[in-house]
Every structure is written in C-alpha cells, then in structure tokens.
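Student: quick one: sequence plus predicted model below, questions after.
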Amino acid sequence: MGNLDLFISDPLIVDLGLFGAWLEGLRVEDVAGPVEADEALQELVLADCSDQFRLFWMLQPFLEHPSSQLAAQRRYRMLPATRRLVLDAYYGFDERVMRELIGRKPTAKLRRETEAHREKLNVSLRSCRRQFDNLQRCFSSLEEYEESVEWVSAGSGSLRARSSEECCGMRGGSVPGLVKGRSGGVDGGQAAALTTYLCENYLISEAVALRYVHVSFFCLHLFEVQKRRVLFLTFTDWEAFSFILLEAWTAPGSGLDLDPKLTMGLRQLKSMLADAKLNAAVLASVQAALELSLQQVTAARPPAEIKELAAKVGSKLKALVKRLSELGGYLTNAKDLKDLFVELVEVTEWLRSLPMLPEEAAALFDLLTHALPEVHFNPDQITCWQRFMRGVSGCMLLMYARVPVTSLIFLGP
C-alpha cells in the first residue's frame, strides 16, 4: 500500500479532544505522545495531530467572528451540530480566569494584568488571551445592543423602551427556549433578550451565551468583587447573583443597565422611608406578623425561643429597614453601587449572628418584601420595593450558608 499524502474531507472532521487540547495551549508533541514499539503508528498519530492543529489555527479568525465570517464562508464547511460544539468549546472559559475578570471592564490594562497572573491561575498564555478576547468581544456586542435600544412614544406624552423582540428584530412574543418568569416577562428580566442577541451574533448555545451575559453585567456595573470581605465567594456565587439581579432589576429595553423606573422609584422611597410616620407604619406591619411567620417556618425552636428571637429581631428592625432603604439608594449612584455586595455581606453577618436559621431569614425577608402598606404607598412604589427586595434577599440567602461571621456587626450589639 502506497503512502497517503493527501486527505480531503467535506464537511470538516474536527477532533474535539484535540481541539480542547489546542484551546488549553498544548503543543502537538504534548498531545501526540509516544506510541511504544510502532514507529509508523507514531508518525501517523503525529501527522494527524499536526493536521488538526493546523486546521484549528486556520479556523481561529472565523471563530472570532462566526456570524459574519464562519457562517458566510464555504472553505471550512462543518455540520451544524459540529459547528455548535466547536464554537461552544472556543467560547467556553475557565472559572479561575473569569473570577479575575468580573467586576472590571475588559480593557488592555486588565488583559496585561491577567496575562501576568496566568502562572498563578495555571493557565497558558494562549488560553488566557483567548478567554479575555472572547469576553471583550461579547461585552462590546452587548454594549452595542444597549446603544441600539430606542425610546418610542407610549401615549400620553410618556416614553417606553422598545421591547426586546423589537430590538432584536424578532417576530412573535417569546424567545425560543426560554420560559416566562414571575414578573410576567421573560425569565431573567432582560437576560433572555441579551442571551438571544449573543446567540445570533456568535452562533453559540444559550447556556454559553447566558454565562457571558452574567459576567458582562458585573463588568458593566463594576461591582467590587476583589475586596477581602467578599473573597470567600466563588465564581459560581457571582453567576447566581447576576442571574438574580438581572431578573429583578432589569427590564425590556434596559440592556445590562438597571431599569430606570426602578432606580427612580427607589430614590423616592428612600426619602419617604426617612419620614417617621411612614417608617413606623412599615415597622408595625412587619412586627405584627414576625413571630407567627417564624413559628410557621421552623419546628426546631421551642415557642419561648421563637418569642425571644422575634423580640431580638424586632429591636433591630428599625436599623435594618434604614440600611435596606440606603442600599436601595445605592442603585441610583454608580459609585455607591460598586460596594453593594460588601454591604450585603455585612447585613448577612448580622442575621447570622442572631442567630437565625436560613428559613427564618427567608421568612423575615418575605415580610420585608411585602412591608409597604397600601394606604401609604402607591402600587408603583410597592412594586419597586418588591423588585429591590427580590434582588437583595435572593443574594443574601445564597450568601447565608457561606458568609463568615466576624466581629463587625453594623447594627450594634
């Protein structure tokens, strides 16, 4: 049998195992490995690995711009299923690297800093650069999406943001593959429309696109994630926080930005809750139901202990509501918003120090969420407060089992 000098395949045959090794920055020699007692087989394996690596290098420019280049060209044809697997792998990322990137805009300075830390992260230079560049492209695309949002007349001289379907040029009232959320919109607030936008631009799966939406949300708002107080939180925690806040605090047309209607409402509520009469009404509604709510959610405490806990929480309730209203004001100021999670950790520490069980803390948050009496607050204000509380309570309950209790308890002894 003669030597095989040329092999042509259409569509392309992509070895996903070798592709993963190439993405990690390994060399051909690293993945080919020695084949004992068979030099011919060794040469064949080495040639096949070299051919695949050569193909990956030629594909890279197309993978960076898949919707405009990969989908349009005919030189490197792949089956749709193969193309999706290749793109999902290319846009996949290492959580150790992304933990260093969240909370900061992907600039050239951050790229250099991340490359300098690659040895600590145990990631190759090529892999580090690929992950950063992918995030930078996706983040820029989402910023372009926000700029494309237009405001149109909603009648009576008011304005509304164009719906996510209008912005994406979609026909029909739902986003494929995503379900309706509690607020009547698409689950994840604006996350669904942003995910669809990335899927269309990068031909990646919804799961991968959604992760970039989560990371980009933190990059845009520059949340502080590197301070000592929050270092115990993992990348998985931050993804979960992003999911919660996107669902509760964004709206169709807002992109990654917070819903302006929410932030304006919280600004009003902060000043209203500073009024002694209104504040007393809110506290009274919570205190009236506190002991009963604690009894309903836990059977681990005797009645006397529940009564004592309710009294202890009640004595600190005024300070807690004040702190929550202040945190609501953070949403209106980008500088304050950066420290949101540092503040949430402190509130969570206080709850842990009482001590409250997770289900008891959930019951307290539920009471606080529905604490605004209808006789004193209009429906829009109540809705704004409930949306705000859904965000902060969801994040704090996730922190609850993980946050370390320290001596810094902001509500006093």
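Tutor: That came through fine. Numbers count the residues shown, from 1 in each chain.

Student: I244: what secondary structure?
Tutor: Three-state call for I244 (DSSP: H, G, I helix; E, B strand; the rest coil): helix.

Student: any idea how many residues pack against it?
Tutor: Look at I244: counted by other C-beta atoms under 10 Å, it has 20 neighbours. Where C-beta positions appear, they are placed from N, C-alpha and C, glycine not excepted.

Student: just R387 next, same as before
Tutor: By other C-beta under 10 Å, the residues close to R387 number 22.

Student: packing partners for the helix or strand in which it is found?
Tutor: R387 belongs to helix 379-400 when assigned by DSSP states H and E. Helices and strands touching helix 379-400, as assessed by 3 or more C-beta pairs under 8 Å, 6 or more residues apart in numbering; DSSP states H and E, comprise helix 235-249, helix 260-273, helix 303-330, helix 340-353, helix 358-369.

Student: got the ones you listed as TSV, with distance to P80 and mean pLDDT columns?
Tutor: Listed next are those as TSV, based on distance: least, C-beta to C-beta, whole Å; pLDDT from 0 to 100:
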stretch	distance to P80	mean pLDDT
helix 235-249	28	94
helix 260-273	40	93
helix 303-330	45	91
helix 340-353	40	90
helix 358-369	44	93
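
Student: got JSON lines for these, with distance to I13 too?
Tutor: Converted to JSON lines, the helices and strands packed on helix 379-400 look like this (distance: least, C-beta to C-beta, whole Å):
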{"stretch": "helix 235-249", "distance to I13": "34"}
{"stretch": "helix 260-273", "distance to I13": "51"}
{"stretch": "helix 303-330", "distance to I13": "53"}
{"stretch": "helix 340-353", "distance to I13": "46"}
{"stretch": "helix 358-369", "distance to I13": "51"}
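
Student: which one of those lies closest to L44?
Tutor: Across the helices and strands packed on helix 379-400, L44 has its closest neighbour in helix 235-249 (40.7 Å, C-beta to C-beta).

Student: chain center to the closest one, what's the gap?
Tutor: Between the centre of helix 235-249 and the centre of its chain there are 4 Å (C-alpha atoms, centre = their mean, to the nearest Å).

Student: which of the residues in it are buried?
Tutor: If you call a residue buried by 16 or more other C-beta atoms under 10 Å, then helix 235-249 has these buried ones: 235, 237-249.

Student: how about stretch 31-49?
Tutor: Result for stretch 31-49 [16+ other C-beta under 10 Å]: buried residues V31, A32, V45, L46, C49.

Student: over to stretch 206-223?
Tutor: So, applying 16+ other C-beta under 10 Å, buried residues of stretch 206-223: 206, 208-221, 223.

Student: ok, back up a step: and the helices and strands packed on helix 379-400: which comes nearest R402?
Tutor: Ranking these by proximity to R402 (C-beta to C-beta) places helix 235-249 first, at 7.2 Å.

Student: also compute the angle for the closest one relative to helix 260-273, please.
Tutor: Going by axes from the mean of the first three to the mean of the last three C-alpha atoms, to 10 degrees, helix 235-249 is angled at 80 degrees with respect to helix 260-273.

Student: which helices and strands sit right next to helix 235-249?
Tutor: In terms of contacts (3+ C-beta pairs under 8 Å, 6+ apart), helix 235-249 is packed against helix 95-101, helix 191-202, helix 206-221, helix 379-400.

Student: residues contacting it, please?
Tutor: Here helix 235-249 makes contact (C-beta atoms under 8 Å, 6 or more residues apart in numbering) with 95-96, 98-99, 102, 181, 183, 187-191, 211, 213-215, 217-218, 225, 258-259, 262, 331, 341, 387-388, 390-391, 394-395, 398-399, 402.

Student: what about burial for these, which qualify?
Tutor: Among the contacts of helix 235-249, those classed as buried by neighbour count (16+ other C-beta under 10 Å) are 98-99, 102, 187-191, 211, 213-215, 217-218, 225, 258-259, 262, 331, 341, 387-388, 390-391, 394-395, 398-399.

Student: what about L55, neighbour count?
Tutor: Close neighbours of L55, defined as other C-beta under 10 Å, add up to 18.

Student: tell me the phi and psi of it?
Tutor: Main-chain dihedrals, L55, degrees, to the nearest 10: phi -60, psi -40.
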